[in-house]
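Need the 3D shape of this:
(one chain, ligands or ions: 2)
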Amino acid sequence: MSLSACQPSPRKGHTVPETQDQTVDHETIRVAPKALLHDHLDGGLRPATVLELSAQIGHELPADDVDGLAEWFRASADSGSLVRYLETFDHTIAVMQTAEGLRRVARECVEDLAADGVVYAESRYAPEQHLSQGLSLDEVVEAVEEGIREGEALAAEAGRPIRVDTLVTAMRHAAKSREIAELAVRHRDAGVAGFDIAGAEAGFPPTRHLDAFEYLRRENFHFTIHAGEAFGLPSIWEAIQWCGAERLGHGVRLVDDLTIDGVPVAELDDQVPYAEWTEEQLASVQLGRLAAYVRDRRIPLEMCPSSNLQTGASPTIAAHPITLLDRLRFRVTLNTDNRLMSGTSMSREMELLVAEAGWDLRHLRRVTVNAMKSAFLPFDQRLDIIENQIKPFYDG
Ligand SMILES: O=c1[nH]cnc2c1ncn2[C@H]1C[C@H](O)[C@@H](CO)O1
Ligand SMILES: [Zn+2]
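Ligands and ions are numbered 1, 2, ... in the order given. Take a look at the predicted model:
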């Protein structure tokens, strides 16, 4: 992909002079420090690792070489339906059933993120899906944390320091969320920074898991909820107002609560890309009560553009609500969701927005700082990363 390839490359030290045109080239994006809040551990395996581990355990795969398998995941996830998208995880979860497999996948995840310039990430997975070979829930968490610490050490040795915390997820169709919430809290001092629910959204509202969320609040623990991806405003409303979610996983359907003269913005006749909207057009957008609450309270949106294209939540990158919500100053963050299923990375998500949605370095800085502000990390540590890693790069 060519991205303003004629732009001057950044100064030595990879900082960007304040006077420089804010368009951004491939190399600047690659080296820019990134913060990632929404990345599934079981959605980010290397195809080569899936092949190798499958061969060891006799698991049958739909392709037998690296490129073929990578393409199979991407194409199969490209179904336009979240439920079908989720079926592809059978092949990654199959090779994450032993401590060794989990440790390796976690280690490689950290190395891959660090190589992409990510300096802080929260990696999530559902321990209840990794019990088929006899591991206990605690053993699953311990294996993942070991792998992450190994990955952090290797990345530091390679000169790419990264901090990775985990979010422990409960599957929303199951009835284990209270037990999983207690598991997360048990490991809070060993790298688990928060809790989440994931899986098919329609038919499985967040309030099914109210007991878990009430428990987590009593424990002063952090949680986010996948909401407003395959289902609309009621799911977001429940996640925030009933369950007390601190952040929203996706939240893309919040756009349904934005109107101009009573018409939802996504249904306007004249569909101009959000990047091209004038200030006057932006000022004419009316926020419904829920959208206004989300913006007023600075509730972070963990947005994942490529994933949303695959599940049908958005038609194109240019028309993705992330650009409108950012321009309206919601607290937007940019994420990968599932790097394997989307064939993506943080750099690629940034490149797509620059190439197709009019983003420049100021947008990338904003979503990066937003993500760090919204991390489930102690305040002083968030500040340290913003001041010492993110701002020195983006502000030059
Ligand atoms: O985007 C998603 N929405 C809902 N659930 C998801 C998404 N991506 C991954 N998951 C599910 C599948 C994984 O097995 C599980 C835990 O990471 O979370
Ligand atoms: Zn997700």
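
A helix includes residue 235, no?
Yes: judged by DSSP: H, G, I helix; E, B strand; the rest coil, residue 235 forms part of a helix.

Excluding chain neighbours, what is closest to it?
Nearest residue to residue 235, sequence neighbours excluded (C-beta to C-beta, 6 or more residues apart in numbering): residue 227, at 4.5 Å. Using the backbone N, CA and C atoms, a C-beta is placed for each residue, glycine as well.

Tally up the residues packed near the one you found, please.
Neighbours of residue 227 under the rule other C-beta atoms under 10 Å: 31.

Look up the pLDDT of it for me, please.
Here the pLDDT value assigned to residue 227 is 97.

From residue 191, how far off is it?
25 Å (C-beta to C-beta, to the nearest Å).

Spit out the contact partners of the residue nearest to residue 235.
Residue 227 makes contact with 201, 206, 235, 236, 238, 239, 245, 248, 249, 250, 251, according to C-beta atoms under 8 Å, 6 or more residues apart in numbering.

burial measure for the third one, as a count.
This points to residue 235. Neighbour number of residue 235 under other C-beta under 10 Å is 25.

try the first one
The number of residues packed near residue 201 is 26, by other C-beta under 10 Å.

cool, and the fifth one?
Neighbouring residues of residue 238 were enumerated by other C-beta under 10 Å; the total is 19.

quick one, what contacts the residue nearest to it when sequence neighbours are not counted?
Excluding the flanking residues, the one nearest residue 238 by C-beta to C-beta, 6+ apart is residue 206, at 4.7 Å. By C-beta under 8 Å, 6+ apart, the contact list for residue 206 reads 172, 197, 213, 225, 227, 235, 238, 239, 242, 243, 245.

Ramachandran angles for residue 206?
phi -60, psi -30 (degrees, to the nearest 10).

what's the answer for the one 10 residues further on, then?
Phi and psi for residue 216, reported as degrees, to the nearest 10, are phi -60, psi -40.

of the contacts of residue 206, buried ones?
Buried members of the contacts of residue 206, counted by 16 or more other C-beta atoms under 10 Å: 172, 197, 213, 225, 227, 235, 238, 239, 243, 245.

tell me the SS of residue 194?
Assigned by three-state DSSP, the conformation of residue 194 is strand.

Check which residues of stretch 182-191 are buried.
Buried, per 16+ other C-beta under 10 Å, within stretch 182-191: 182, 183, 184, 185, 187, 188, 191.

interface residues of the stretch 201-350 of the chain facing ligand 1?
226, 229, 307, 337, 338 (C-beta under 6 Å from any ligand atom).

and the residue of the stretch 201-350 of the chain at minimum distance from ligand 1, which of the three is it?
For the stretch 201-350 of the chain, the residue closest to ligand 1 is residue 226, as judged by C-beta to the nearest ligand atom, at 4.7 Å. Judged by three-state DSSP, the three-state class of residue 226 is strand.

Output the strand or helix carrying residue 53 as CSV - backbone C-alpha positions only.
Per DSSP states H and E, residue 53 falls inside helix 47-57. What follows is helix 47-57, C-alpha atoms only, in CSV (Å, rounded to 0.1, in the frame of the first residue of the first chain):
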residue,chain,number,x,y,z
PRO,A,47,-0.3,-19.5,11.1
ALA,A,48,3.0,-21.4,11.3
THR,A,49,2.4,-22.0,15.0
VAL,A,50,-1.1,-23.3,14.3
LEU,A,51,0.3,-25.7,11.7
GLU,A,52,3.1,-26.9,14.0
LEU,A,53,1.1,-27.4,17.1
SER,A,54,-1.8,-29.0,15.1
ALA,A,55,0.7,-31.6,13.7
GLN,A,56,1.9,-32.4,17.2
ILE,A,57,-1.6,-33.2,18.5
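
Please identify the buried residues of that helix?
Result for helix 47-57 [16+ other C-beta under 10 Å]: buried residues 47, 49, 50, 51, 53, 54.
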